[in-house]
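Enquirer: Need coordinates for the below:
(2 chains)
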There are 2 protein chains.
Amino acid sequence: MKYDLGTGDLTNWMVCEDNFDTHYLGKCETIMALGNGYLGVRSATEERYSGEVRNTFIAGTFNRFDALEVTELPNCADVYEINFEIDGQLFHLTQGIVKSYQRFLNLKNGELTRKIIWISQSGKEIEFTFKRFISLDNRHLSGQQITMVCKNGNVNVIVKSGINGQMTNSGVQHFSEGEKRLFESDVLQMVQTTTESKIDIIVTATHTFESQGKYIKPESMILMDRRKIYNEFEFELEESKEIVITKYAYFSTSRDLEFEKKALKEIRKHSVQEIIEARQRGYEALIKDSEKAWHDQIWSECPIQIDSENAFDQLSIRFSQYHMRIMTPYHDNRMNIGAKGLTGEGYKGHTFWDTEIFILPYYIYSHPQIARRLLEYRYLCLSGAREKARANGYLGAMFPWESAWVTDGEVTPIWGAADIVTGKSTKIWSGFIEQHITADIAFATWQYFQITNDLDFMEQYGYEIIFETARFWSSRLEYSEEDQLLHINGVIGPDEYKEHIDDNAFTNYMAVFNMRLAIDYYEKLKMDNEHLFQRLNKKIGVDQIYKDLIEDIKRVYLPVPDDFGVIPQDKTYMSKKNIDLSPYKAQKHVGSLFRKYNLKQVNDLQVSKQADVLILMYLLENLFDKTVKLNCWDYYEPRTLHDSSLSLSTHSVLASDLGLYSLAYNLFSQAAEIDLGNNMKTSDHGIHGASLGGVWQCVINGFGGVRMLDGKLRIEPHLPENWQALTFSIYWQGEKLQVAIKKDEFIVTKLFSEKYITIEAFGTHFMFNDRVRVSY
Amino acid sequence: MKYDLGTGDLTNWMVCEDNFDTHYLGKCETIMALGNGYLGVRSATEERYSGEVRNTFIAGTFNRFDALEVTELPNCADVYEINFEIDGQLFHLTQGIVKSYQRFLNLKNGELTRKIIWISQSGKEIEFTFKRFISLDNRHLSGQQITMVCKNGNVNVIVKSGINGQMTNSGVQHFSEGEKRLFESDVLQMVQTTTESKIDIIVTATHTFESQGKYIKPESMILMDRRKIYNEFEFELEESKEIVITKYAYFSTSRDLEFEKKALKEIRKHSVQEIIEARQRGYEALIKDSEKAWHDQIWSECPIQIDSENAFDQLSIRFSQYHMRIMTPYHDNRMNIGAKGLTGEGYKGHTFWDTEIFILPYYIYSHPQIARRLLEYRYLCLSGAREKARANGYLGAMFPWESAWVTDGEVTPIWGAADIVTGKSTKIWSGFIEQHITADIAFATWQYFQITNDLDFMEQYGYEIIFETARFWSSRLEYSEEDQLLHINGVIGPDEYKEHIDDNAFTNYMAVFNMRLAIDYYEKLKMDNEHLFQRLNKKIGVDQIYKDLIEDIKRVYLPVPDDFGVIPQDKTYMSKKNIDLSPYKAQKHVGSLFRKYNLKQVNDLQVSKQADVLILMYLLENLFDKTVKLNCWDYYEPRTLHDSSLSLSTHSVLASDLGLYSLAYNLFSQAAEIDLGNNMKTSDHGIHGASLGGVWQCVINGFGGVRMLDGKLRIEPHLPENWQALTFSIYWQGEKLQVAIKKDEFIVTKLFSEKYITIEAFGTHFMFNDRVRVSY
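Expert: Predicted structure coming up:
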């Protein structure tokens, strides 16, 4: 597998596979996935292979199989499978001869292409070109096109293509079978209804056949099987004459905002109309519409240009932007981003802190209106968070570690991998005690507000989130007679290799940050916005929250640097056993530690899954001085296995901050390679969403040096050795700036409005309303 | 694909595949399936292929996915998948080079063997021998053994093997996930519970490794995934040194009679103990136990020897006996035989008239105690049959067209294949109006009684079945003012290409037979068994039934031969349109008619799916004279497409009866080839159970000429041209007879007891208590 980087206009826009190996299907299924944030489809091939994972997800259609499982995003009916029988032989790359093979995803327009010259067992040489896209212009729509030419003679071709609802989530079926129907003689439709949440999913598909520029009608039959409806087409492929098969698909659900109040019958009818219209426009026109949407929404809106000796750097940032777009439900604030986007069953489509801490910065700086929607989702989840707090004996809002539909509350599964010692499943404690998520959401709300200045958001949603989360922390604190301070005991920090720990530095600092924020906003609101203040006081009793916070904040225990200048990760970490971690640091696959130890044993070792204290120093960077940061780096990095894909990018940005420039670049490259690199098994369960956000942070916040500090924009770039230039756009408090960085200077250009803004760089403040050049 | 017929002791015992083609996986998965009537497993290979159907069924564990579907036999967790990584490359027959390949099922002991020499992509030549069996001695147990030798160097081997509960019925998941556990460091166990019927299924597995006759312990790891628990073993396979991997599996359920009253915990513990004991005995000892059971239960109990020029004939009758054994739940009378046995998802594990009309004769003559159990099942289903009658406005017992668990009642699905005209699913009417099943069961009860003389069965179950079914018919009859007769209108006969028809000859004659039987038994009981008579009168009111029957029987309309001496199949058949059926008679796949016509259109044509009138003439043979039979043959055979696998064998036996001997042999061969022949797609959905019973009938009732007529045994053989001899055993009214047939004479030997019996042959009666020779 190589990554061809494209040529001409498409230089650094193409992700390319030039050798097909059935052992590594998962890689391209994931990294070449298509979608638009509503619909997400793994790029399984038309013909089927053992070991493939064929997923079609529609954002927000969560369903729970039974009381023993948690809700998850169901794998709906597949439309991309198409089987070809050539003179009675199935087209399959493991049979016959593959004379040439190339598959590539064009990030610019989201079109996936596969070109194959295949020689059948009877010696017929056939050129196949498979193309498909999911529209960014009409989120319900997808197009798929196959061009076939036989080079040496005529062949009989049977094509089986339709809608297959036998798909499951690793064996779990989330749908009741609904009606299968053929409409207007050539439009197939299948209805599926989720078993518990009762969401109707309507999948509609139709085909056209063209030969020499004209539509043709091959012999066709309609067939139904269990949860399946498909056509069987039969035609003669004459030597050297091209046949073009186009399949259109339209997905709609009863959960879609535009269909919410419509009867199923109406949605079904609408879907048939839509697909007939799409068919009339044709594949080329539809992908043009989609390409334009990609251009308008992403590539012209927030382009990032990297002039690097390593072309992979440019590709990887585009790859990140592409995938962040296809994983994000721009269309509906009742939905958020899954840890694996819409590209795999991993993490069940659930939302974690990954959104706020790793991905949201991209949206705040690049698409603030989308960042707002993602935070609105958390606001809509407040009832579940309040419920979770109550169920745990606390007050305020305790956000779920894993989140699905807005009213679901906590959805973290309870049982995980095998415990190698006891032989039982390991209990997953995150849903109970990985509580920093609540402070992370408050942090993100504040960060959004600071960078966007979106007061309307704060008044409608933001303040309430911050007061309710602070109230949770206040109720969560535990008083100790011993030191007469308040502690947060029995939690899991970002380093999930330590469970049931007390005074996790990350959690305590973030909780105090959250509480402090509420205190500040209380005082500000009381002064500036009497009306809102009264409304909130009536609704959630901010007076009482403030009273409690003022009392508590003085007495919360915050870990300070020890004798070696290192902040202890938690109360007991420093006293745990050290082992030789070199075999695990050099591991080929993450999690190798668990081949030798169970979680209980790992709990007693000085080994971390990911940067725990270090991420704290990145988020609340001006609370810690550089020496402490360096001490912590030196202490924790050797003890960190980066078994979380969230770890590398944090380290990279922090390395940039600390002046460890070549290390920063190296870590950035490693982060970029998690999905896009040559390790063929890493992406099997889906894309690493947070890591893609992390890659963006490496570039913009790390090398680009962009930072919001105390409400001010600071830009202190440091390009990697092999980069000549870096250019990107960001939004800052309603303004849009283009930042063009070179080795020794950078230029910031305001793109609209003549308002003055201030940036800080290397200790100097620059105020300007058009452009500023900073040498460094 | 060829059928090697074995050599030496195994001549005509082996079903063999000598070329592996992934397009035709279904064929050997089905025909080489293993089982014992409790457990049934399709023989999917250890390594997985796209298109495989991997099924493990346990009889009677029916579950209903949701209210929109009918209950079906769920596909439980698979234990037969084992994946091998050889120096990092997956073992897969589509990759690397297959130097030699052979797979064979030994019918004698039910062991499946696969021998492969495979050259990996890196040039390592490895000899694999895969063996497996499901024990007939301990129905819960299965063994699987893989021997590996590398011929040219050492290789690193990673083996992944365990229990995989991600299996579904074509996408439908019937289980909630239960606990996965490792016991005693090397016993894997997974619990699954059916979602609606709440049956626990406990799957337990363990592995051993041997090298040069000694147990070894390779490096091993326990892994869990969703609905999966497995081991990963790693070892060095040294040049020319054999490694033998053995996997034992034990299946148990909370529905098993022996575990019914045990707590889940106890069953689980018991299963672990059992598998440890099995492991101690070892593969060789266990298969010896199983082989002995095959010998005792089948091959020595009711051997059938065919001395034919075509060795395939001998193989095919053994194949029938093998499959009838593995599809029949000998162990539990709450279960019956599924139309596809336990070899596929087709027909959902449901029981049809196939049992009574096609398979039961084999059991009545060969294993009368099993025949009794199969009829006891129908008795246990009486409540559902009464319920169905009530729900339809009738009295008595109206047996379900499709039957599953004894209390389920009617379970025929309502929607089937696509209607090519309307584009909708076709409604399946059989569950509503294919009513002859009720008379078929009464007929079989009578047949069983006549042949076995099992009065105890009749007194406990049989009479009640016959009275209740007769009462149904009496209530079902419809009076016509026009002819002042009683009719059965709006039914489907055995020929399912005719729906909603009136006075189907088969149905009317069988109903009258059923009513007449009840009248006779009433009179007999009243005279001979006052006590039972009173009990039944009290329980079901036989006096009233009799009164109604006596009234009705005189006036039921029975179709008589028309002007051409042909009995009309139904009221309107003869007036329907004739079309040229030659393209469909010459069809490669069944059902080709529906590529051109929908069922509604077929309803208006003189075309039949299967022998409708002809099967009536076979079952009630002495009601019709030979001329009428010949007329009907000549009329209906050309109009019959044999689209049901039940059709050919009926025709064959009738052809024998009518003296059409070469045709009879030809039809027998076709019937035998339905599964065992070279058409590679016919067995995809599972074995054709009724057809296998039909093959037995062709041999014993057709060529062997064995018939029960008016309670007497008649033997009038006629061997096919290329047969020299046919020898078999049958039970007759508690006696066991060996019948040895040659071209011009046959000898019947009584195998125990000195009681005299009488047989009739070619118009002469022979009474004997040791042996009789009849020349013909």
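Enquirer: which residue is nearest the centroid of chain A?
Expert: Among the residues of chain A, the one closest to the centroid is residue A:689, at 3.2 Å (CA atoms, centre = their mean).
Enquirer: quick one: contacts for it?
Expert: Applying CB atoms under 8 Å, 6 or more residues apart in numbering or on different chains to residue A:689 gives the contacts A:323-324, A:327, A:337-341, A:354, A:358-359. In short, each C-beta sits where N, CA and C put it, glycine included.
Enquirer: With residue A:28 instead?
Expert: Residue A:28 touches A:17, A:43, A:103, counting by CB under 8 Å, 6+ apart.
Enquirer: give me the number of residues near the residue of the stretch 501-650 of chain A found nearest chain B?
Expert: Going by CB to the nearest CB, chain B is nearest to residue A:595 of the stretch 501-650 of chain A, at 5.7 Å. Using other CB atoms under 10 Å in any protein chain shown, residue A:595 is surrounded by 15 other residues.
Enquirer: Then the one 3 residues further on?
Expert: Burial measure for residue A:598: 16 neighbouring residues, criterion other CB under 10 Å.
Enquirer: hang on, the earlier thing: closest one to residue B:272 out of the contacts of residue A:28, please.
Expert: When the contacts of residue A:28 are ranked by distance to residue B:272 (CB to CB), residue A:43 comes first, at 43.4 Å.
Enquirer: Report back the residue of chain A that's furthest from centre.
Expert: Relative to the chain centroid, chain A (CA atoms, centre = their mean) has residue A:153 farthest, 47.5 Å.
Enquirer: any idea what sits nearest it, other than its immediate chain neighbours?
Expert: What sits nearest to residue A:153 in space, not counting adjacent residues and going by CB to CB, 6 or more residues apart in numbering or on different chains, is residue A:239, at 5.3 Å.
Enquirer: quick check, the one you found in a helix?
Expert: No - checked against DSSP: H, G, I helix; E, B strand; the rest coil, residue A:239 lies outside a helix; its state is coil.
Enquirer: hang on, isn't it packed against residue A:126?
Expert: No - with contact defined as CB atoms under 8 Å, residue A:239 and residue A:126 do not form a contacting pair (10.7 Å).
Enquirer: hang on, the residue farthest from the centre of chain A in a strand?
Expert: No - looking at residue A:153 with three-state DSSP, it is coil, so not inside a strand.
Enquirer: got a list of contacts for stretch A:264-277?
Expert: So stretch A:264-277 is contacted by A:138, A:140-141, A:183-184, A:187, A:189, A:191, A:200, A:202, A:204-206, A:248-250, A:252, A:254, A:259, A:262 (CB under 8 Å, 6+ apart).
Enquirer: Now do the contacts for the residue nearest to residue A:624 when sequence neighbours are not counted.
Expert: Nearest non-adjacent residue to residue A:624, counting by CB to CB, 6+ apart: residue A:617, 5.1 Å away. Counting by CB under 8 Å, 6+ apart, residue A:617 touches A:623-624, A:628-629, A:632, A:654.
Enquirer: at 7 Å instead, please
Expert: A:624, A:629, A:632, A:654 (CB atoms under 7 Å, 6 or more residues apart in numbering or on different chains).
Enquirer: tell me the mean pLDDT for the helix or strand harbouring residue A:113?
Expert: Secondary structure assigned from DSSP states H and E places residue A:113 in strand A:111-119. Across strand A:111-119, pLDDT averages out at 98.
Enquirer: is it fair to say residue A:251 lies in a strand?
Expert: Yes - looking at residue A:251 with three-state DSSP, it is inside a strand.
Enquirer: Can you give me the distance of it to residue A:173?
Expert: 18 Å (CB to CB, to the nearest Å).
Enquirer: Residue A:190 too?
Expert: Taking CB to CB, one finds residue A:190 at 14 Å from residue A:173.
Enquirer: same thing with residue A:759?
Expert: 55 Å.
Enquirer: related to what we said a few turns ago, any shared contact partners between residue A:239 and residue A:126?
Expert: residue A:150.
Enquirer: Comparing those two, which residue is more hemmed in?
Expert: Neighbour tally, residue A:239 and residue A:126, criterion other CB under 10 Å: the higher count belongs to residue A:126, 22 against 12.
Enquirer: which SS class is residue A:280?
Expert: Residue A:280 - assigned by three-state DSSP - is helix.
Enquirer: At the contact with chain B, which residues of chain A appear?
Expert: A:23, A:48-50, A:66, A:68-69, A:90, A:94-95, A:165-168, A:170-173, A:176-177, A:180-183, A:195, A:221-224, A:226-227, A:417-418, A:420, A:423-425, A:595 (CB under 7 Å from any CB of the partner chain).
Enquirer: out of these, which are buried?
Expert: Listed as buried from the residues of chain A next to chain B are A:23, A:48-50, A:69, A:90, A:94-95, A:165-168, A:170-173, A:176-177, A:180-183, A:195, A:221-224, A:226-227, A:417-418, A:420, A:423, A:425; burial here means 16 or more other CB atoms under 10 Å in any protein chain shown.
Enquirer: Cool, thanks, talk later.
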